[in-house]
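S.K.: model the structure of this input:
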Amino acid sequence: TATNHPLTTRRTSIIMGKFSASWMTVIVSGLAVVYLAWTLNGIYSTFYPEQCPSMDSPRCLSSYLTNPIELKMSLFTSTKHPKSLKNSNHLKSLLEIEDFNWNAEESRDLSIEIPEETRNNGSLYLHVFLHPQGEKPFGNRYTSYVWSPLTQYAEKQQTAINLLSSDDKSSEKSGTRSKILNETVAHWKPRVGIHVMNENHVFYRHEIPPEIYSYIKLSPDGTYLPVIYINELNVKVKDLLPVEENETTINITFTFSSISLGKLRFHSQIINSLTSLRDMGFSERDMDEMKSLMSDTNIYLLIITITVSVFHILFDFLAFKNDISFWRAKKSMVGMSLRTLTWRSFSSIIVLLYLSDQQTSALIRYPFAFGTIVELWKLSKAFKVSIKRVGFFPRIVIGSYSDEEKATDGFDSQAMKYLSIALIPLCLGGSLYSLYYIPHKSWYSWSIQCLVNGVYAFGFLFMLPQLFVNYKLRSVAHLPWRALGYKAFNTFIDDLFAFIVVMPTAHRIACFRDDIVFVVFIYQRWLYPVDKARFNEFGVAYEEEENVKEKPKTD
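M.R.: Numbers count the residues shown, from 1 in each chain. Next up is the predicted model:
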């Protein structure tokens with residue numbers, strides 16, 4: 001019967017698959033919206049917490065700063081960890097600010113003498129005291145105290161050299177540098193931000209937010225002392241400077257300003273999250289990305305960033321799901337550019353190597369590595385690669401192509417021929433220019449840099465063969481339009497993130513290249529209406545299916 005025909009059964013399975021896929025899209029999108037609403041509500045409650053209604057109630061805890069009092073800020077340094085300090089004899093005075101105004105913003109450049117212990121790969125600590133003016137900071141129950149390291153251990157940065165230089169000294173430096181590249185040494189922070197909470201917030205005594213509980217210290221009269229916060233998020237690994245053995249002084253910029261309760265809570269939550277990520281194995285460079293995204297933006301830009309991030313993840317998931325579904329059901333390569341697929345796989349590997357060489361954040365590398373694996377799987381589907389067992393040994397088999405697929409490959413080859421005439425001289429010229437004029441860390445770094453420059457500068461041109469194939473076939477029905485639609489949305493979102501996330505300049509510029517190609521794809525979709533005589537993404541032509549249905553059954 002007609003209902004048992006293979007094409008009818010295939011169409012039924014396709015319809016059921018699309019139905020279940022649409023439900024999955026609705027569920028995932030709903031979960032993303034719920035998560036976004038929950039996150040935004042959490043941010044609002046963080047910046048605008050509930051206050052205790054009465055300062056005089058025993059259930060409430062008010063600020064010591066509600067009383068008019070003159071304060072003094074005193075800064076000290078030490079080479080010993082604060083937990084090992086037994087008295088103030090090991091502290092060295094750095095700065096004293098009389099009549100300290102916690103609501104005013106002030107910056108001071110201070111020259112700090114580096115102790116010999118610190119120069120020998122030791123540590124240096126900062127101690128901050130805020131106490132009543134005219135009284136000593138030590139042993140005073142009305143003194144607020146915090147400490148923070150002025151130095152941080154990090155790996156020495158590898159410097160770039162001219163690879164064509166024949167200077168022996170440069171070669172010796174290069175050899176020395178390569179030996180100590182992974183050595184961890186003390187670095188000093190060029191700037192320090194010291195903030196005092198300027199909100200006289202009245203807390204519920206038993207409901208103090210847990211993220212700032214460690215900052216709350218009680219005074220003898222039952223109020224909480226001024227809250228001091230040393231900003232650990234404004235210094236990135238790239239800003240750190242190594243402590244040299246022959247260096248006796250360092251210049252550090254100290255910034256004094258106020259901070260709101262909401263921002264203090266938010267910074268504390270970020271620090272707790274970074275600690276968790278560090279425990280999971282993320283490096284300090286990976287932490288820098290989170291610091292840049294979260295700490296350097298105001299609340300409105302933060303809300304926009306979080307909203308866009310949620311939709312970016314949603315579109316990434318939907319594009320991945322539809323792309324996998326498309327290629328799993330793909331039976332024919334009619335209309336698909338094999339060279340474009342090959343180039344995308346090759347360029348993904350090159351970009352992944354480049355991101356690793358540039359020590360880019362794992363937040364960028366890991367998702368890109370997963371996408372590279374998917375590209376290689378799609379390439380194996382395009383070449384119809386299968387593994388068959390011959391005796392006891394597996395054998396890789398590449399399938400054959402139909403006449404229609406060979407015609408498509410001819411158009412593809414023609415487009416690639418035109419591109420190669422322009423691309424090969426440009427890539428070779430750019431590589432020689434980079435070798436002669438631009439310093440590099442190593443020959444490997446130069447090789448990856450040249451390859452990735454070719455990918456970034458001319459890579460979008462390798463998407464043009466697919467446009468050329470569409471033009472020759474006068475059809476775009478063979479493309480995974482649902483996946484392309486989600487990727488198009490993400491491309492425009494990437495344009496926004498290109499100005500926020502720290503990444504190599506070449507990678508940032510490349511975020512804008514796909515916009516042009518997507519616009520041309522959309523134009524071609526409008527220009528070439530759906531032709532039912534052509535194969536769709538499942539290798540089925542609707543007119544062919546109808547002809548099979550109408551064909552009389554023979555015994």
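S.K.: so residue 207 sits in a strand?
M.R.: No: counting by DSSP: H, G, I helix; E, B strand; the rest coil, residue 207 falls outside a strand, being coil.
S.K.: could you pull up phi and psi at residue 112?
M.R.: For residue 112, the backbone dihedrals (degrees, to the nearest 10) come out as phi -110, psi 130.
S.K.: again, but for residue 91
M.R.: Reported as degrees, to the nearest 10, the phi and psi values for residue 91 are phi -90, psi 140.
S.K.: in contact with it, which residues?
M.R.: 76-78, 85, 127 (Cβ atoms under 8 Å, 6 or more residues apart in numbering). For glycine as for every other residue, the C-beta is placed from the backbone atoms N, C-alpha and C.
S.K.: now do 7 Å
M.R.: Residue 91 makes contacts with 76, 78, 127, as judged by Cβ atoms under 7 Å, 6 or more residues apart in numbering.
S.K.: what do you get for residue 121?
M.R.: Under the criterion of Cβ under 7 Å, 6+ apart, the neighbours of residue 121 are 185-186.
S.K.: hmm, back to that, list buried residues within the contacts of residue 91.
M.R.: Buried members of the contacts of residue 91, scored by 16 or more other Cβ atoms under 10 Å, are 76, 78, 127.
S.K.: still on that earlier bit, list just the nearest of the contacts of residue 91 to residue 301.
M.R.: Residue 301 lies nearest to residue 127 out of those, by Cβ to Cβ, at 34.0 Å.
S.K.: what about the closest one, helix or strand, and which?
M.R.: Using DSSP states H and E, residue 127 maps to strand 125-132.
S.K.: can I get that strand as PDB, trimmed to CA atoms?
M.R.: The C-alpha trace of strand 125-132 is given here as PDB (Å, rounded to 0.1, in the frame of the first residue of the first chain):
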ATOM      1  CA  TYR A 125      51.700  42.900  52.100                       C
ATOM      2  CA  LEU A 126      49.600  46.000  52.500                       C
ATOM      3  CA  HIS A 127      47.800  46.800  55.800                       C
ATOM      4  CA  VAL A 128      45.000  49.400  55.900                       C
ATOM      5  CA  PHE A 129      43.700  50.900  59.100                       C
ATOM      6  CA  LEU A 130      40.800  53.300  59.500                       C
ATOM      7  CA  HIS A 131      40.600  54.700  63.000                       C
ATOM      8  CA  PRO A 132      39.500  57.700  65.000                       C
END
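S.K.: next SSE downstream of it?
M.R.: Trace forward from strand 125-132 with DSSP H and E and the next one is strand 144-149.
S.K.: next, the angle strand 125-132 makes with that following strand.
M.R.: Put simply, strand 144-149 runs at 170 degrees to strand 125-132, going by axes from the mean of the first three to the mean of the last three Cα atoms, to 10 degrees.
S.K.: ok, the strand holding residue 127: who's next to it in the sheet?
M.R.: strand 71-78 (antiparallel), strand 144-149 (antiparallel) (DSSP bridges).
S.K.: reformat these as TSV; add mean pLDDT and distance to residue 54.
M.R.: Shown next, in TSV, are the strands paired with strand 125-132 (pLDDT from 0 to 100; distance: least, Cβ to Cβ, whole Å):
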stretch	mean pLDDT	distance to residue 54
strand 71-78	92	26
strand 144-149	92	25
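S.K.: most tightly packed of the ones you listed?
M.R.: Most buried of the strands paired with strand 125-132, by mean neighbour count (mean count of other Cβ atoms under 10 Å): strand 71-78, with a mean of 21.
S.K.: run the chain-centre distance for the helix or strand just after it.
M.R.: Next along the chain after strand 71-78, taking DSSP H and E as the criterion, comes strand 92-97. Relative to its chain's centre, strand 92-97 lies at 39 Å (Cα atoms, centre = their mean, to the nearest Å).
S.K.: which residues are contacting strand 92-97?
M.R.: Residues outside strand 92-97 that contact it (Cβ under 7 Å, 6+ apart) are 72-78, 110, 112.
S.K.: which one of these is nearest to residue 142?
M.R.: Nearest member of those to residue 142, counting by Cβ to Cβ, is residue 72, at 11.3 Å.
S.K.: so what's the nearest residue to that closest one once chain neighbours are set aside up against?
M.R.: Nearest residue to residue 72, sequence neighbours excluded (Cβ to Cβ, 6 or more residues apart in numbering): residue 133, at 4.3 Å. Contacts for residue 133 were tallied using Cβ under 7 Å, 6+ apart; they are 70-72, 98-99.
S.K.: the residues you listed: which two are farthest apart?
M.R.: Longest distance between any two of these is 9.3 Å, between 71 and 98; criterion Cβ to Cβ.
S.K.: would you indicate which residues of the helix or strand hosting residue 380 are buried?
M.R.: Residue 380 belongs to helix 362-382 when elements are defined using DSSP H and E. Across helix 362-382, burial judged by 16+ other Cβ under 10 Å covers 362, 364-365, 371-372, 375, 378-379, 381-382.
S.K.: likewise for stretch 317-333?
M.R.: 317-323, 325-327, 329-330, 332-333.
S.K.: can you classify residue 53 by secondary structure?
M.R.: Classified using three-state DSSP, residue 53 is coil.
S.K.: for this protein, name the helix or strand with the lowest mean pLDDT.
M.R.: helix 168-180 (a mean of 41; mean pLDDT, DSSP states H and E).
S.K.: average model confidence for the next helix or strand after it?
M.R.: Using DSSP H and E, the helix or strand that follows helix 168-180 in sequence is strand 184-188. The average pLDDT for strand 184-188 rounds to 86.
S.K.: circling back to that earlier point, please name every helix or strand in contact with the helix holding residue 380.
M.R.: In terms of contacts (3 or more Cβ pairs under 7 Å, 6 or more residues apart in numbering; DSSP states H and E), helix 362-382 is packed against helix 284-295, helix 338-357.
S.K.: in the stretch 151-300 of the chain, mark out all the helices, start to finish.
M.R.: Under the criterion DSSP state H, counting those that start in this stretch, helices of the stretch 151-300 of the chain are mapped to 168-180, 261-279, 284-295, 299-329.
S.K.: hey, which of those is tucked in deepest?
M.R.: helix 284-295 (a mean of 19).
S.K.: that one - what's its average pLDDT?
M.R.: Helix 284-295 comes out at a mean pLDDT of 69.
S.K.: before we move on, what about stretch 307-325?
M.R.: 78.
S.K.: just stretch 249-263 next, same as before
M.R.: Taken as a whole, stretch 249-263 carries a mean pLDDT of 91.
S.K.: buried residues in it, which are they?
M.R.: Using 16+ other Cβ under 10 Å as the test for burial, stretch 249-263 gives 250, 252, 254, 256-257, 259, 261-263.
S.K.: distance to residue 392 added to those residues, as CSV?
M.R.: As requested, the buried residues of stretch 249-263 are exported to CSV (distance: Cβ to Cβ, whole Å):
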residue, distance to residue 392
250, 68
252, 69
254, 73
256, 75
257, 73
259, 70
261, 71
262, 68
263, 67
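S.K.: closest to residue 60 among those residues?
M.R.: Using Cβ to Cβ, the buried residues of stretch 249-263 come closest to residue 60 at residue 261, 15.0 Å.
S.K.: tally up the residues packed near the nearest residue to that closest one once chain neighbours are set aside, please.
M.R.: With sequence-adjacent residues excluded and distances taken as Cβ to Cβ, 6+ apart, residue 261 is closest to residue 199, at 4.6 Å. By the criterion of other Cβ atoms under 10 Å, residue 199 has 17 neighbours.
S.K.: so residue 264 touches residue 196, yeah?
M.R.: No: using Cβ atoms under 7 Å, residue 264 is not in contact with residue 196, being 10.0 Å away.
S.K.: find residues that contact each of those two.
M.R.: What both residue 264 and residue 196 touch, as defined by Cβ under 7 Å, 6+ apart, is the set residue 227.
S.K.: ok, residue 128 touching residue 228?
M.R.: Yes: under the criterion of Cβ under 7 Å, residue 128 is in contact with residue 228, at a separation of 5.8 Å.
S.K.: and for the two, which residues touch both?
M.R.: Contacts common to residue 128 and residue 228, judged by Cβ under 7 Å, 6+ apart, are 146, 194.
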